[in-house]
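[1] Only the shape, not the letters, is given here:
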């Protein structure tokens with residue numbers, strides 16, 4: 001019984017490294033497949049396990065994704081990057097690179113000032 005639960009969490013966790021929804025989808029497939037491998041097929045039970053597998057897989061996927069990507073993803077959306085001046089003779093210019101949110105706010109301010 002314990003190895004079935006561990007297999008479920010491993011498959012959902014691996015799938016959720018890319019996106020949390022993939023962990024939910026992996027759980028939706030993994031839970032009924034594990035049940036059918038070790039027990040006889042029963043449609044209502046498989047349907048119920050699919051729903052619970054998606055829910056628990058999604059929760060586990062969000063936890064894994066936040067553990068792996070959360071801090072760097074949240075900090076990345078809040079930073080303003082300063083780009084250094086490029087090499088002499090190159091077409092690359094230095095300056096401030098704004099985040100999407102900062103650019104949106106600047107455009108909104110321009111529209112309101114006109």
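    Structure's in. What do you need? Since the structure is predicted, the reported quantities are computational estimates derived from the model, not experimental observations.
[2] Was I right to think residue 56 contacts residue 27?
    Yes: at 5.7 Å, residue 56 and residue 27 qualify as touching, with contact defined as Cβ atoms under 8 Å. Just so you know, the C-beta spots here come from the backbone N, C-alpha and C atoms, and that holds for glycine as well.
[3] Look at these two and report which has more neighbours.
    Each of residue 56 and residue 27 has its neighbours counted (other Cβ atoms under 10 Å); residue 27 has more, 29 against 19.
[4] What are the neighbouring residues in contact with the residue nearest to that one when sequence neighbours are not counted?
    Distances taken as Cβ to Cβ, 6 or more residues apart in numbering place residue 57 nearest to residue 27, at 1.9 Å, with adjacent residues excluded. Residues near residue 57 by Cβ atoms under 8 Å, 6 or more residues apart in numbering: 8, 12, 15-16, 23-28, 30-31.
[5] tell me the two of the residues you listed that are most distant?
    Spanning the widest gap among these are 16 and 31, at 14.6 Å by Cβ to Cβ.
[6] most centrally placed residue in this protein?
    Closest residue to the average C-alpha location of the chain: residue 19 at 3.0 Å, with Cα atoms, centre = their mean.
[7] Cool, thanks, signing off.
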